[in-house]
Structures are given as structure tokens and as C-alpha cells.
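Participant: Build the 3D model from these lines:
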Amino acid sequence: MQADGEILGACPLDCPDGCAWVVGVKDGRAVSLRGSREHPFTRGALCVKVSRYLEHAQASDRLLHPLRRVGEKGEGRFERIGWDDALGEIAERLQAISAQWGGEAVWPYQGTGTMGYLQGLEGRCGSRLWNVLGASEHVPSICSIAGSYGLRYATGTNCGIDPESFALSKLILLWGTNTLTSHHHMWKFMQTARKRGAHLVAIDPLRTRTAEQADEHIAPIPGTDAALALGLLNVVLDRGAEDRGYLERHTLGWEQFRARIEQFPPERCAQITGLHVRQIVDLGERLASTRPTGIRASMGLQRHAGGGMTLRTLASLCAVTGDWQYPGGGLVYSTSGYFRGNREALWRDDLRSRPVRELLMTRLGDGLLRVDDPPVKALFVYGANPMASNPHTEKVRRGLSRTDLFTVVVEQFPTDTVDYADIVLPSTMQTEHLDIHDGYGHLYLAWNEPAVAAAGECLPHTEIFRRLARHMGLTEPCLFDSDEQLAHQLLDVDDPTLAGVTPERLRRDGWVRLGYPQPFVPFATGFPTPSGKLEFYSETAARDGLDPLAGYTPPLEVVDSGDRRHPLSLIAPASHFFMNSMFANKPDLLARAGNPQLTLHPDDAARRHLCEGQRVRIGNDRGSFEAVLAVDDRVRPGVAATVKGYWPKLHGMRANANATVDERDSDMGGGAVYHDNRVEVEAVTDGGAG
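Facilitator: Numbers count the residues shown, from 1 in each chain. Have a look, this model is predicted:
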């Protein structure tokens, strides 16, 4: 903890902007928070969610002491206990379970509550302990994994162009991303491009805040984006506008991919996507004639059965047009791989005595309910709220309700998931601990200095794992490394992009740009694929049992599923006021967000004899939830739109929109399928909660 003054830090949230911030401290209390004015990406601005973070850290419902369950699972009744009692009980239970069932009976379930390299997911906080125990390996597949896999088949990496380079683009395609809600600091670079004449297109089934500000809005059926991309490329080919020189020098499998593009003329593409032929042709002609074209695609785009293929095909589009060779041209999905710190030194996977099984984050219900060898007997949840965030809520509930499952939840607030814990441990918030952050939407690294003392008896994740290791009698030295030691280990790497970057420099300056040029053309000297080229045709994909050629994989439920009982496609993008399920208990943000709402196109509402403001039930065979109906043409016909993140218990509900989502995998990596989901909507007549 620092003395009074201004303390440099960083936002910990699951957001590409990765803001640098400054905390004002007086008399040991955090009294002000602002974005860093000097940071080239943050530029002094914080989002509506984070701007009052200090108030959230001081909220009356914050968890401040360890708790032990005294009621039934799900009731949320606890008694206060001390840290030694809590950790002693956890240690005893984990050791007994490991002795009887083996270490793999323990599932360390980590989410994106913080993205820090010391306290959070990016550094797989706690993995050293889990590796020593031989616990199952948690695969964080819930967010971006399908798109990352797809991009790697095409370009060899999930990394793309520097978002700052959008200032140089002449055509900008915001593809499946609501930038003003989920990456708003990038907007200023796009505005710079627009002042220079750039044309901005939002491609989204919903007319979002961003779409309303764009020059053009294209609204395809959810999950059909790869078909749209192929239709646009068909127009490019028809105009003879493919970059033949680039294709010859820098790509593999062009003739096969060209044949696939020819299978998607605008007329067929229109049938698949639900768009007018003229929309496809006009945008295709603009794409054919405008260099450079920059594409921003984000995670909601790939949450369906063809999600990985979608990103693979979008990356391929930029090769047909040759845009990858230009500053301001190409695609960005994530930039997280550009930080080349020594992550392995934090993880210490070498501590495992043998390979362990993988458990997918998106399959929590399955993993807890299936008869396995060994079964999951202990669940340790941190940085996650699966009762609000995971698919198939009822299945997750049944799993968490198992009387023979020992569940520990490390949390800051009494979430729906906390109600199912046997032991609850209170964790520090960002102003109270040390961490290092990058952003997966820019090329900067930031230091977060603790500004104030921890509230109550809260502890950082790192300290919780150190103390638990001691209670378990473990002796591996690295389990007890301090946060400062972890920071040095992470940055102890010989890489030109981190030349001169030390913990001391970061602590002094607060942030640094990674050592990449400006403007940055990421694949100017080749792609990190087996061939060194962008691979339309991937032998690696073929070996993995996938289509070796980029193309279109339709969603399973949304398009031509034949389910006439559930004719609407449900999408649940991010709220402007929540971060996943974080802040959904903050009174001022919850008031601005309002109660859960569902938006239907006027035609769909009329067909069901539903009207504005009516309470409706949205459901399918997996489950249901309730919301207040909004009737608006900002959503395309055939689509129902809500937002994610609501805590069910705060609204007297059993579940939120995730009750209707299936626990099945996308095409690549085991990703989630939140937007591959058919439902029906009906009026609530019984007064019950969903």
C-alpha cells in the first residue's frame, strides 16, 4: 500500500481496452479514480461501468470475512469463521479427496473476474498449487477459444492488427462487435479515419449503439457471417479485384478457396443470411475498391457451432483483398499474444507428475453430473459466477447442489454461485493488490500498484493460495513466491518487444507500449503458419479432423433447424452497464440497465399478440427466463435480443437467459454456443418468475 497521493494502476476487467488508471488516496482512503491522461489508448477516459469502481469496492454488500455454509446448498445461509478455520477445513477436504479419488477429482474453476497476470486468468493464478496436487486442468473455453482456434488455422496466431491502426483504414467493418459498449476507446481511432473519409459499416443482427453511429448497418441472421464474407468475396472476384500478386506470394490453397467462394454468389448468400442481394453486392463492390480495409471482429461473433470457421474465413477475406499488407488493413480479434512475458514461469506445468485430464469451463454441468473416473468431488471457484454466466443453468444448478461435492468460492460479493458454496473466501479488489495487466485490444502493458489496505479480512488470490499451500503442508518452494517475485519471473525474458521493461520501470511509469513499430503491419515478413503463408487450406486442420479449407459452417440451431416449436433465434450480447455478471448488483448501474428486457421485431410481437411492456417468458426444452418486452425494429425479424449478466436472485428469478443455452461445443476448441439458440416467447399469465 502506498502513501497518500496518486497511485498508478490498471483496470482488471475482461475488456479489450485494458485501461490504465490513477487512484487518488487521502488519509489511507481511495477518494478519486480517473483514466490515465498520458496513456495513448486510455486518454483519460473510463467506461460507465468502471468510472465509479471505488464506490463498488466500498459497497455495503461486499464480502469481508470467510464464511461456512449452515443452510442447504442454494439457500445462501452462512456463518462467519476465521481464515485458519476456513483454510484448515479446505486443506483437510482436498487432501482427503485426493487420497481417495486422486488429484483429478479436484476442479479448479477460474473465470475472467480479473485478467491479471498475478491475480487472474492471464497468469493462471493458482496453477502452481493445482499442478502440485495433480488437479484436473481447467480449460477457460467460455469466451474466445473457437475464434482463436480458427484464426490459428489461417494465420498461425489469434493476434491481428494494432487497433490504433484503424486510424489509417479507408473501410472499417465492425463485424459482430458493439464497439461503443465493449471497446469504446478504439472508437476515437475510427473517428480519426472517418474524418479522413473512411466508411464505417456495422455488421450485427441488432442495431446497437455502435450501429446507430455507423455509416451503414448490415443485419444478418446470427451465425451466418462466414457465408456473408464468402458472398462479399464472390463480388470481389466478379469484379476482378482480388490481389493476385499477394495471393501468389503470401497464401496457400488459393485455387481451392476460390472454388469455394464461387459456390456463394450473392443470391445464395442472401438466402442464407436473410439480407437483400443489393446489400451484399453494394458492400462487396465497396470492399473490392477500398484499400486498406480493416475488420474488427469480437467474441460474440463466434459463439455458435461454426464460430471457429467464421474467424478463419474473415482472416482469409483479408488475404484475397491483400489488406494484410497495408497499415490499417487486415483483422483484429485479439492482441493478447503480443505480450511475450514468461507465462510458463508463472504456470509451472512442469510440477505435474503426469498428464491430467482437461475439463471444459463451458461444460460445468456435464462435468459435475456425469459418472466419471474419477468424479469431480471438489470444485474451487474463483473469478467466476457460473450460476449467472454458464450455459444450461438448470444443469449447473443440479451439479452445484450435489451433497457430496465440496465447493469453495472465492468472491467479492454474494453472487448466485456463492449460495452453493461450502466455504466462501473474500478476495481483494483491484485497488488493494499488486498485479500486471495487458489488454487484448491494444499493445500496452500496465502495472497495478495497491493503493489502499484490503477491506475487512480480504486477501489477494496469490496470498490465499500461499496460505492454503501452508495449511496443506506442501513444501514446493515456488508455491510461496511473493507477488514481487512473480512479477520479476514474468518479465524475465529475452525478447525485443520487452527490451528494458522491468518491474521497477513499470512501477515507476505505470505502463509501457510493447516494442512494436507504429504503424504495425503484423505479417509483413510472413505468417507463423507451417507454410509461412496465410493458409486457406490447412493441413493442420485436416489432421485435427476439420475441413482443411476455409468456408462456412452453419450454426446448429439458428438456421434451418426444423424446430418449429422454437422459431426465434435468441442472442444475449453484453450490457452497456455490466461486465459479464460483474456490477449487476451495483444499484446505480442496475437502475440504469433496468429489469431484464427482451426485444422483438414488431412483426414477431404481432404474430404472438404481444405488446410493449408486457411480461413474457422466453424458453425452450432446456429452461426459461422472464423479461419485460420491448417491441422495436432495432432487432431483425426472427431474432429475440436480451443482454447477459443479470443475477437471477436479484430479480426473483430462477435463471437468466443462459437457462435456454445448450451445453455443447462450437466447431473448434470447445467454445460456448450462446448465440446458437432457438426459443419461443409467450405472455406470462401465472405471475410466476422464470
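
Participant: What residues of stretch 261-279 count as buried?
Facilitator: 261, 264-266, 268-270, 272-275, 279 (16 or more other Cβ atoms under 10 Å). (Each C-beta comes from the backbone N, C-alpha and C, glycine too.)

Participant: same check, this time on stretch 331-348
Facilitator: For stretch 331-348, by 16+ other Cβ under 10 Å, it's 331-336, 338-339, 341-342, 345-348.

Participant: Stretch 623-643 now?
Facilitator: 623-627, 629-631, 634-636, 638-643.

Participant: Determine the set of other helices and strands touching the longest strand anywhere in the chain.
Facilitator: Scanning the chain for the longest strand, with DSSP state E as the assignment, gives strand 623-631. Secondary-structure packing of strand 623-631 (3 or more Cβ pairs under 8 Å, 6 or more residues apart in numbering; DSSP states H and E): strand 597-600, helix 602-607, strand 615-620.

Participant: Relative to residue 340, how far out is the residue most central in space within the chain?
Facilitator: Note on the chain: the residue nearest the mean C-alpha position is residue 143, at 3.8 Å, using Cα atoms, centre = their mean. Distance of residue 143 to residue 340, computed by Cβ to Cβ, to the nearest Å: 21 Å.

Participant: Residue 17 now?
Facilitator: Residue 17 is 21 Å from residue 340, by Cβ to Cβ.

Participant: how about the buried residues of stretch 261-279, which pair is most distant?
Facilitator: Maximum pairwise distance among the buried residues of stretch 261-279 (Cβ to Cβ): 20.2 Å, between 261 and 274.

Participant: okay, now the residue nearest to residue 208 when sequence neighbours are not counted: neighbour count?
Facilitator: Leaving aside its chain neighbours, residue 208 sits nearest to residue 178 (4.2 Å; criterion: Cβ to Cβ, 6 or more residues apart in numbering). Neighbour count of residue 178, defined by other Cβ atoms under 10 Å: 21.

Participant: Contacts only, for residue 178.
Facilitator: By Cβ atoms under 8 Å, 6 or more residues apart in numbering, the contact list for residue 178 reads 204, 206, 208-211, 573-574.

Participant: now do residue 230
Facilitator: Counting by Cβ under 8 Å, 6+ apart, residue 230 makes contact with 260-261, 263-264, 269, 313, 551-552.

Participant: mind putting those residues in CSV, pLDDT included?
Facilitator: Shown next, in CSV, are these (pLDDT from 0 to 100):
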residue, pLDDT
260, 98
261, 98
263, 98
264, 98
269, 98
313, 98
551, 98
552, 98
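
Participant: out of those, who's nearest residue 84?
Facilitator: Closest to residue 84, out of all of those and judged by Cβ to Cβ, is residue 313, at 55.2 Å.

Participant: Apart from its neighbours in sequence, what residue is nearest that closest one?
Facilitator: residue 226 (4.3 Å).

Participant: After the helix or strand where the one you found lies, which helix or strand is next? Please name it.
Facilitator: Per DSSP states H and E: residue 226 is located in helix 225-238. Per DSSP H and E, the first helix or strand lying C-terminal to helix 225-238 is helix 244-250.

Participant: what does that next one contact?
Facilitator: Everything outside helix 244-250 that qualifies as a contact, by Cβ under 8 Å, 6+ apart, is 254, 319-320, 322, 324-325, 523, 526-527, 533-534.

Participant: next one: that helix to chain centre, how far?
Facilitator: 34 Å (Cα atoms, centre = their mean, to the nearest Å).

Participant: in the longest helix anywhere in the chain, what counts as buried?
Facilitator: Counting by DSSP state H, the longest helix found in the chain is helix 83-101. By 16+ other Cβ under 10 Å, the buried positions in helix 83-101 come out as 83, 86-87, 89-91, 93-94, 97-98, 101.

Participant: Partner strands of the helix or strand following it, with direction?
Facilitator: Next along the chain after helix 83-101, taking DSSP H and E as the criterion, comes strand 106-110. In the sheet, strand 106-110 lines up against strand 378-382 (parallel) (DSSP bridges).

Participant: so the partner strand versus helix 83-101, what angle?
Facilitator: 140 degrees (axes from the mean of the first three to the mean of the last three Cα atoms, to 10 degrees).

Participant: Mind listing residues that contact strand 378-382?
Facilitator: Residues contacting strand 378-382 (Cβ under 8 Å, 6+ apart): 93-94, 97, 105-111, 113, 125-126, 368, 400, 405-411, 417, 421, 427, 461.

Participant: now it: mean pLDDT?
Facilitator: If you average the pLDDT over strand 378-382, you get 98.

Participant: And that strand, how far out from the chain middle?
Facilitator: 20 Å.

Participant: so what secondary structure elements neighbour the following helix or strand past that strand?
Facilitator: Remark: after strand 378-382, the chain's next helix or strand is helix 386-389, criterion DSSP H and E. The helices and strands touching helix 386-389, judged by 3+ Cβ pairs under 8 Å, 6+ apart, are helix 393-400.

Participant: Give the buried residues for the helix it packs on.
Facilitator: 393-397, 399-400.

Participant: ditto for stretch 30-41
Facilitator: So for stretch 30-41, counting by 16+ other Cβ under 10 Å, buried means 30, 33, 35-36, 39, 41.

Participant: now those residues in CSV, with secondary structure and distance to residue 509?
Facilitator: Listed next are the buried residues of stretch 30-41 as CSV, based on DSSP: H, G, I helix; E, B strand; the rest coil; distance: Cβ to Cβ, whole Å:
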residue, secondary structure, distance to residue 509
30, strand, 21
33, strand, 19
35, strand, 16
36, coil, 10
39, coil, 10
41, coil, 15
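
Participant: For residue 322, list the residues it contacts.
Facilitator: 242-243, 245-247, 291, 329.

Participant: Could you tell me which of those residues count as buried?
Facilitator: Buried among these (16+ other Cβ under 10 Å): 242-243, 246-247, 291, 329.

Participant: mind listing the helices in the stretch 351-500 of the chain by residue range?
Facilitator: 364-369, 386-389, 393-400, 461-471, 483-491 (DSSP state H, counting those that start in this stretch).

Participant: Which of those helices has the highest mean neighbour count?
Facilitator: Mean neighbour count (mean count of other Cβ atoms under 10 Å) peaks for helix 386-389 among these, with a mean of 27.

Participant: chain center to that one: distance?
Facilitator: Taking the mean of its C-alpha atoms, helix 386-389 sits 14 Å from the chain's own mean (Cα atoms, centre = their mean).

Participant: Quick check: phi and psi at residue 206.
Facilitator: For residue 206, the backbone dihedrals (degrees, to the nearest 10) come out as phi -120, psi 140.

Participant: From residue 127, how far out is residue 352?
Facilitator: 10 Å.

Participant: What separation do you get for the closest residue to residue 47 other than its chain neighbours and residue 209?
Facilitator: Nearest-residue entry for residue 47: residue 184, 6.2 Å, with adjacent residues in sequence omitted and distances by Cβ to Cβ, 6+ apart. If you measure residue 184 against residue 209 using Cβ to Cβ, the figure is 9 Å.

Participant: Which residue of those two possesses the greater neighbour count?
Facilitator: Neighbour comparison, residue 184 and residue 209: the larger count goes to residue 184, with 20 against 15 (by other Cβ under 10 Å).

Participant: I figured the residue nearest to the centre of the chain hits residue 111, correct?
Facilitator: No - judged on Cβ atoms under 8 Å, residue 143 makes no contact with residue 111 at a distance of 9.2 Å.

Participant: can you pull out the helices in the stretch 151-300 of the chain?
Facilitator: Ranges of helices in the stretch 151-300 of the chain, per DSSP H, counting those that start in this stretch, are 179-182, 187-195, 209-213, 225-238, 244-250, 254-261, 266-273, 277-289.

Participant: Can you show me the CA trace of the shortest one as CSV?
Facilitator: Just to be clear, that refers to helix 179-182. Provided in CSV are the C-alpha atoms of helix 179-182 (Å, rounded to 0.1, in the frame of the first residue of the first chain):
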residue,chain,number,x,y,z
THR,A,179,-17.6,-1.1,-30.1
LEU,A,180,-19.2,1.8,-28.1
THR,A,181,-20.1,-0.7,-25.3
SER,A,182,-17.3,-3.3,-25.4
